[in-house]
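Q: Pasting the sequence and the predicted coordinates here, then a few questions.
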Amino acid sequence: MNALRKTTLLLAVLTLLAVTAEAQEYKKAFNAGREAALAKDFTTARAKYAEAATGAVEAGDDEVARQAKYIVAQIDNRRGNAALKAEKAADALEHYSNGATIFPEYIKNHYGKGLALKKLGRIEEALDVWKGILDNTQDRRTALAATNAIRDHFNYQASSAVSRSSPSASDADRALAALARSTEYVDPNSDYYYYYSVAQLAKGNNAESVSAANQALALHNGSRTDKAKIYYTMGEAYLRMSDTENAKAAFQNAAYGSYKPSAEHYLSTL
């Protein structure tokens, strides 16, 4: 065997040994991460799993790389949740962002990132983050939570605008603007149509208010009290249209919970 062949063979052997040693190192890091996680030392666990992920990528071990990244994302989510609960929104945002970067498919970090951004007053960014996971089919529960978070934001704006006992037309316009923006992200639900009905009533658009109330009832799947408030608004709209028969029917359905005294008062005077 000539010197060149011997040198080539030696280099090949050394390379194989180096790759084997490297492979053992990332597997050791993975196991160390698991031990740290079991001991609830999540700082060490994250570092070791991240190390394992990097080593696995370099070694071409896609399965271990994916598994390690997934666990890192879970740890980041756990830490983000803890920080958010402790009112440390900036720290929560950092954890969620790290997790979303290393394993984007784990959308719980995107949802949490939106929550942290909202806490920090960065609502437009939060809405964009949530919008990005609405169509996710792998984790429908989290996607639905993002949908509800968007709806809650805009419905709260609409509710705040028309919550006074006698909202003005400008109050109604602010509510309608918020509701219109919500449709850029999500489909209308029962609450959307309820606040739309209240806003139209405030503007004197009684027929539109009744129509929206009917749509709210068609989509309603909440409490009986929520249903009563829809009927109550409908009753007021019919009353302003001088449609006594339909007003009575609406107020009869509205006579429940906190709406019962007012609804019964109307019924006694019609």
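A: Now that the structure is in, tell me what you want to look at. Quick caveat: nothing in here was measured; it's all calculated off a predicted structure.
Q: how about the helices of this protein, start to end?
A: All helices of the chain, identified by DSSP state H, fall at 3-38, 42-59, 62-85, 89-102, 108-119, 123-131, 140-161, 169-182, 190-202, 206-219, 224-240, 244-254, 260-269.
Q: mind putting those in CSV, mean pLDDT and mean neighbour count included?
A: For every residue, glycine as well, the C-beta is placed using N, CA and C. What follows is the helices of the chain, written out as CSV (pLDDT from 0 to 100; neighbours: other CB atoms under 10 Å):
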stretch, mean pLDDT, mean neighbour count
helix 3-38, 63, 13
helix 42-59, 92, 20
helix 62-85, 95, 20
helix 89-102, 98, 21
helix 108-119, 98, 24
helix 123-131, 98, 19
helix 140-161, 97, 18
helix 169-182, 97, 18
helix 190-202, 97, 24
helix 206-219, 98, 19
helix 224-240, 96, 21
helix 244-254, 96, 18
helix 260-269, 92, 14
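Q: Enumerate every residue touching the spatially most central residue of the chain.
A: Nearest to the mean C-alpha position of the chain, by CA atoms, centre = their mean, lies A146 at 2.0 Å. Taking CB atoms under 8 Å, 6 or more residues apart in numbering, we find A146 in contact with 110-111, 114, 130-131, 133-134.
Q: And for G112?
A: 77, 80-81, 84, 92, 95-96.
Q: So which of those residues is the closest to N205?
A: Nearest to N205 among these is L84, at 41.3 Å by CB to CB.
Q: how many neighbours does G222 have?
A: By the criterion of other CB atoms under 10 Å, G222 has 12 neighbours.
Q: And it, how close does it get to S168?
A: Separation of G222 from S168 (CB to CB, to the nearest Å) stands at 28 Å.
Q: try A178
A: Plainly put, A178 is 15 Å away from S168 if you go by CB to CB.
Q: of the contacts of G112, closest to A263?
A: Nearest to A263 among the contacts of G112 is L84, at 41.0 Å by CB to CB.
Q: Now the closest one. Nearest residue, chain neighbours left out?
A: Spatial nearest neighbour of L84, excluding adjacent residues (CB to CB, 6 or more residues apart in numbering): A92 at 4.1 Å.
Q: Double-check the one you found against A83; I have them as touching.
A: Yes - with contact defined as CB atoms under 8 Å, A92 and A83 form a contacting pair (3.8 Å).
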